[in-house]
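# have a look; sequence and predicted model below, questions after that.
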Amino acid sequence: MTLIDTHSHIYLSEFNQDREKILERAQNEGISVVLLPAIDSSTHEQMLELETNSRGIYQSMMGLHPCSVKEDFEEELEKARVYFEKRPFKAVGETGLDFYWDKTFISEQYKAFEEQIRWALEFDIPVVIHSRNSIDECIKMIAQYQKGKLKGVFHCFSGNTEQAKQIVDLGFFLGIGGVITFKNSGLDKVMEGIDLVNVVLETDAPYLAPVPFRGKRNEPSYLKYVVEKIALVKKVTSEEVGQLTTDRAQKLFKL
Ligand SMILES: [Zn+2]
């Protein structure tokens, strides 16, 4: 079985001690590609360095995370933009809106999000969206810019059935990860009503480890627990989940 982890921050210091082992375990579980979402200029270089030494397994996005949008967001955007002038990236991201951690810079978050949506359209690559306590606002934003060309993922989707339907209708994918294995997340129920062709897999490592590792550091090899849970919910085999989601991710991100 071949799997793709479409969202994993393996370049962060949480993995400094055993990055080689993590790669080995990921490959043992059939993971062929791990996409690296950017956060901000404090980690862009370490992300790109990891990609360089990975023989195509790690592939980078570029962008500015909504939690990193502060007073200096215009400079941060400019720094990300400079990278886009130098080389291609798999996606713009992660970007979006986060009303959970800090609401101080909401209007700046909107501006940064809009700018990055424009980059996705300009370079014809997907936009990877972080939406914490802001899913309806993010859907609204995408709807506004969706004139048939915009594509991307609502990363770490944990909304309701109606929101899932709206996202699918906009031509976007749902990034499904460890949350689906959490007791009482309700995501398994929502998943029952979602066609698997609209789903890509992700870990969001080091965060959101699936059961039985909930609360621990996450890593790409744990994707198999997400696959098993989706297979159970959708009453298909793990192989089918793997095949379908891998095919979707390959086409979306041109892997
Ligand atoms: Zn992330």
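All right, it came through fine.
# what about the helices in the stretch 51-200 of the chain?
73-86, 106-123, 135-145, 161-169, 187-192 (DSSP state H, counting those that start in this stretch).
# and those as CSV, adding mean pLDDT, mean neighbour count and distance to residue 7?
All C-beta atoms are positioned from the backbone trio N, CA, C, and that covers glycine. CSV is the format used below for those (pLDDT from 0 to 100; neighbours: other CB atoms under 10 Å; distance: least, CB to CB, whole Å):
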stretch, mean pLDDT, mean neighbour count, distance to residue 7
helix 73-86, 98, 15, 17
helix 106-123, 98, 18, 16
helix 135-145, 98, 17, 15
helix 161-169, 98, 17, 16
helix 187-192, 96, 18, 16
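# among the ones you listed, which is nearest residue 23?
When the helices of the stretch 51-200 of the chain are compared by CB to CB, helix 73-86 sits nearest residue 23, at 23.6 Å.
# what is the burial count for residue 70?
14 (other CB atoms under 10 Å).
# so how far is residue 119 from it?
20 Å (CB to CB, to the nearest Å).
# can you check residue 238 too?
Distance, residue 238 to residue 119, using CB to CB: 36 Å.
# local confidence estimate at the nearest residue to residue 174 once chain neighbours are set aside?
Among residues not flanking residue 174 along the chain, residue 157 sits closest, at 4.1 Å (CB to CB, 6 or more residues apart in numbering). As predicted, residue 157 sits at a pLDDT of 97.
# I'd guessed residue 157 sits against residue 172; true?
No. Counting by CB atoms under 8 Å, residue 157 stays clear of residue 172, with 9.6 Å between them.
# looking only at neighbour counts, state which of these two leads.
Higher neighbour count among residue 157 and residue 172: residue 157, with 28 against 24, using other CB under 10 Å.
# and the more buried one, what does it touch?
Applying CB atoms under 8 Å, 6 or more residues apart in numbering to residue 157 gives the contacts 164, 167, 174, 175, 176, 187.
# same deal with residue 66?
Taking CB under 8 Å, 6+ apart, we find residue 66 in contact with 94, 95, 96, 97, 98, 109, 112, 113, 130, 132.
# with residue 77 instead?
Neighbours of residue 77 in contact, by CB under 8 Å, 6+ apart: 64, 112, 115, 116.
# can you tell me how far the first one is from residue 94?
Separation of residue 64 from residue 94 (CB to CB): 9 Å.
# overlap in contacts, those two.
38, 39.
# who's in contact with the spatially closest residue to residue 1 that is not a sequence neighbour?
Leaving aside its chain neighbours, residue 1 sits nearest to residue 242 (4.2 Å; criterion: CB to CB, 6+ apart). Residue 242 makes contacts with 1, 2, 3, 30, 227, as judged by CB under 8 Å, 6+ apart.
# from those, which ones fall inside strands?
Members of those lying in strands (criterion: DSSP state E): residue 3.
# who wins on neighbours among the contacts of residue 242?
Neighbour max across the contacts of residue 242 (other CB under 10 Å) = residue 3, 26 neighbours.
# for residue 255, give its distance to residue 148.
Counting by CB to CB, the gap from residue 255 to residue 148 is 23 Å.
# who are the packing partners of the host helix or strand of residue 45?
Applying DSSP states H and E as the criterion places residue 45 in helix 44-52. Packing contacts for helix 44-52, counted by 3 or more CB pairs under 8 Å, 6 or more residues apart in numbering; DSSP states H and E, involve strand 31-36, strand 58-60, helix 73-86.
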